[in-house]
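> could you look at this predicted model? Sequence included:
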Amino acid sequence: MEMCKPILEVRDLYVNFYTYAGIVKAIDGVSFTVCEGETFCLVGETGCGKTVTSRAITRLVPEPGRIEKGEVIYYTPYGKINLLELPEEKLREIRGKEIAYIFQDPAAALDPLYTIGYQIAETMVEHKTVSKWKEAFIKAVEVLRSVLMPDPEKRVKAYPHELSGGMKQRSVIGIGLSNQPRIIIADEPTSYLDVTIQAQIMDLLRKLKKERKLTIILITHNMGLVAEMCDRVAVMYAGNIVELGTVEQVFKNPLHPYTKGLLRAVPNPLTKIEKLEAIPGTVPNLIYPPPGCRFHPRCSYTMDICKREKPRLVEVEPGHHVACWLYSR
Amino acid sequence: MAELKRFLIRRLVTFIPTLIGVTLLVFIIANLIPADPARAWAGGEKASPEVIERIREEYHLNDPWYVQYVFLMKKLFTNDIVSPRTHNKIWDDLIFGTSQGVAGAGTKYGRFFITLQLTLFAFLYIVFIGIPLGILSALKKDSLLDSTVRTLALVGVSTPVFWLGYLLIYIFFVRFRVIELAGFPEPTQRITGIMVIDALLLGENDIAIQIINRLALPAFVLGFIGIGVIARITRNSFLETWNADYIEFGKARGLRKSRLMRHALKNALVPIVTVLGLQFGGLLGGAPITETVFGIPGMGRYMVEAIRNFDYPALIGGVLLFALIYMLANLIVDIAYAFIDPRVRY
Amino acid sequence: MSAEEVYEKKLLDHLSDFFIKAVVRIMDSIKPGWSIRNKSRIDEWRLMLYALNRSPTGIVGLILVASFIIIGIFGPLVAPYSYSDLLVFKNSHYRFIPPGGTGPGGEVFLLGTDDYGRDMLSLILYGARTSLVVALLVMIFGAPIGIILGLISGYYGGKIDELIMRITDIFLAFPGLILAIAFAATLPDRVRGLLEANPWLQNIMLSLFALDPADAPRLANLLSVIVAIVIVWWPGYTRIVRGSTLSARENVYVEAARAMGMSSWGIMFKHIFPNILAPILVILTLDVGSVILVEAGLSYLGIGAQPPIADWGRIVYDGSRWLIRGYWWLSLLPGVFILLTVLGFNLLGDALRDVLDPKARRSIEFKLKKKKR
């Protein structure tokens, strides 16, 4: 394994949502490091907190959420900064310029009232990548060409509703890439697309990563995609990272009972399994999360300590971390 | 553009049945009067039978009702019918202006333009107070300002227009004498039909100021209901768009707040424009009361007078114009949609 | 678990419980077993009332509306003077007594007197009755017409729908006020004829409006206004009810009722109407306010109630002549009562809208729940 040069480090992140029904403890002490140039995956079921984690990196947690504590260290070429303590205006200059997002639903992410070209140009002008709007519109064509948009000269003047789903997502990626960011955070970039288009979009992301030496943080619940795209993967359950390692480690040798269950519940791309099994039980209510390990009510190896104390993420082999009392003393 | 043209023609054609329906309805109402309109027009009980008979002939009152109706509509179409009350041609009274107005002095402006001017002034209040108030209250959701705006909207729709008018007259005229309640200066030449604009075009600034001074308060009173209504609809639709995914994505791509607000506002505009269109109709409808309070010789008062004097040719003419403006306002709203939202097709 | 056990109750909640129990008892005595069959619906209404009790603006609205209704009913009975007591003919010093001032006989006029020496307080109390009865009659006659036409239009669709909608278009295509003025100005003669032919109707109306028999000839104008407002009012209901019916019609239970061979009218009134009751209730509440406002506007324009009949809008108009002379209470005071009354209905309707909206109500219910931990 090559040396990891960190580009982003999330330390001990806590996020709560203050709803009328109570306080949802959505993210409960999440830590991980992303290395420069890698594709880092966050996997887990819907509602496990992967999207919130990814948004919290640049303080984009929506109302009524609040980041309670933690650090997000971003390693610039000139030194490191804690994004969670940065003034709003400085952070804005990083969003979309250094760290760009790709959202799940491209149809909703694009403003329906403006052309694709306008929205790309706007992103560049706002970050002073280009100074003049006219110039920005010309560059927008190049941006669209770089994301393999067919007929970019025409499409630059198109409104979102005039494009297909795949073309919309290409536009969103184009907006993300328009300022040459160092990190792309792609939140389920293909879940709203047809299967055939999904492959094209992932190919595009892979190609762009190679060309531009991008770091990608990919959020998905699709295990096939993880195996195909990622270098390292973090498995999340109910606001915690339960297992973290290289794709090989996690898929070939899953340690955490949840990871094991998850891999049995979907076709495992790296090993053959006989039949698919569901994980018994349901995702816990995070207003009143189970004490100790949040997975213990659904786990078949539950011990006494699991109900009392929360296990910490420990390294069991080089690069392979797991948060489970089965592996830590 | 060809599409727009076809759309306009199609829509304008649908105006016709509604206009016929509206006028027919008013005509039927007018014919419900058991009293003899000819007698009333001739001057009441003391009128001589010959005069009454002549009026009957002139307005075809002895013919069946549908003949009367067709006669009336035809004459209205060619502006060839005289109001038995003002003795002016109806469209002269309402639109073209008369050599001798009700008060004796001539006017270059029809009653309609006086009301239109008042309505436009009120509209300005609604747009320039209501919309910013709505945005502010959305941005400061659940704050004191927000609940004040919400309450203001409810107070607005609960206020009797005439009472508000008198309250302001009492304050600004009786107590402090900062406004004028009489007279209506006219610019020397009619160009667009809107007096203030004409005065400004002609460089008659003092006349423009006099007109503004005269209309500022009545227009505020007329628009008062609308300000709250628009503030509220702006708040709600702005809040909705402010939580939309594209605003979230806008934040994620590092747009400044002012820019995000532009995106949110433009998207919130469709419901706002719809309600603005409805408000325009509401303002026209509210004109009679405001005009009565402030003594403005507009179309609303003209029609109330027409009703009181059984002057139904004038009434039907006025109603026709009202309905036409109302439908035009709706049409403009529909066209505005297409300018705001590229997804709207004709 | 019934709603009663889960919620922390305040005084107002006990009052609403009392109210609901009374309704249940009445319904049960009419149709035995009613409360058992409609248990879930009753619980739902109970929750709505609880939620309403927690809306400060709703309570203010409720208080204003209740005061208006009480004043409307009892006002004329407790008024110190009749609306037609022209004290000025006794002594010219009764003219223009300011609010709180005393008359020549030492009597205190809380809200002053007008140019005829009439007691403003009494005028306003009588005026409340006028407004209340007008609003009531418009609702009783106008709302059902609109609601039934809306149900028909939405349920049957097709040509009937098209016809009804075109008619409402015509009514909505020009300002209701002008249309109402036109009707109100042309109707009185016919109404007068009707009243003369039916003395019993005239007597009912006289007592409803708390009028002197001497004012019987002036009833016609007042009633014409009511008829005029009804005529211009129904299309609004038709539009709203039609919209709600269209979506309610698609529900499975409507489908099921149709499959079971239930008649169209049965489906409309048994299955669709109860389910669109909530939005109708909101509109009705808001509209009582609008009707009072429109009626005041019409009488302000001199159409409708004729002096000396006490009508808030008319009192403002009659008093407005004296505003320039500084006698502000003649015109400004009655307006305050119009404003407060209409505001009351609007606040109440607005709160009802929140309470009846399931999404908004959920948040209120959560606040209500007793903390179990």
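Arrived safely.
> could you use CA atoms for every contact and neighbour count after this?
Noted.
> could you say which helix or strand contains B:H87?
Counting by DSSP states H and E, no helix or strand carries B:H87.
> again with the one 4 residues further on
When secondary structure is defined using DSSP H and E, the element that contains B:W91 is helix B:90-91.
> pLDDT of that helix, averaged?
Throughout helix B:90-91, pLDDT has a mean value of 86.
> neighbouring contacts of it?
B:L76, B:N79, B:I81, B:V82, B:S83, B:G110, B:P313, B:A314, B:G317 (Cα atoms under 8 Å, 6 or more residues apart in numbering or on different chains).
> so of those residues, which ones are in helices?
Among the contacts of helix B:90-91, DSSP state H puts B:L76, B:P313, B:A314, B:G317 in helices.
> by neighbour count, which of those wins?
For these, the largest number of neighbours (other Cα atoms under 10 Å in any protein chain shown) sits with B:A314, at 28 neighbours.
> ok, it touching B:E305?
No. Contact criterion Cα atoms under 8 Å: B:A314 and B:E305 do not qualify, at 9.6 Å.
> follow-up on the earlier one: and the furthest pair within the ones in helices among the contacts of helix B:90-91?
Across the ones in helices among the contacts of helix B:90-91, the longest distance by Cα to Cα is 9.4 Å; it joins B:L76 and B:A314.
> just the strands from chain C, written as ranges.
Under the criterion DSSP state E, chain C contains strands at C:101-102, C:108-109.
> with chain A as the reference, name the closest of those.
Of all these, it is strand C:108-109 that lies closest to chain A, at 52.2 Å by Cα to the nearest Cα.
> the closest one: how far from the chain's middle?
Averaging C-alpha positions (Cα atoms, centre = their mean, to the nearest Å) puts strand C:108-109 31 Å from its chain's average.
> residue ranges with poor pLDDT in the chain?
Picked chain A for this. For chain A, residues meeting the criterion pLDDT under 70 lie at A:1-2, A:269, A:273, A:329.
> let me rephrase: I mean chain B.
Looking at chain B by pLDDT under 70, you get B:1, B:33-35, B:100-106, B:346.
> ditto for chain C
Those would be C:1-8, C:174, C:358-373, if you go by pLDDT under 70 across chain C.
> if we use 50, what do you get?
Chain C contains residues with pLDDT under 50 at C:1-4, C:370-373.
> so which residues on the stretch 201-346 of chain B come close to chain C?
For the stretch 201-346 of chain B, the residues in contact with chain C (Cα under 8 Å from any Cα of the partner chain) are B:281-282, B:284-286, B:289, B:292, B:303-304, B:307-308, B:319, B:322-323, B:326-327.
> follow-up on the earlier one: other SSEs contacting the following helix or strand past the helix holding B:W91?
Downstream of helix B:90-91, the first helix or strand assigned by DSSP H and E is helix B:111-125. Packing partners of helix B:111-125 (3 or more Cα pairs under 8 Å, 6 or more residues apart in numbering or on different chains; DSSP states H and E): helix B:205-242, helix B:257-294, helix B:299-308.
> neighbouring contacts of the helix or strand harbouring A:L208?
Assigning secondary structure by DSSP H and E places A:L208 in helix A:195-212. Here helix A:195-212 makes contact (Cα under 8 Å, 6+ apart) with A:G37, A:V147, A:L148, A:G166, A:Q169, A:R170, A:T190, A:S191, A:L214, A:T215, A:I216, A:M229.
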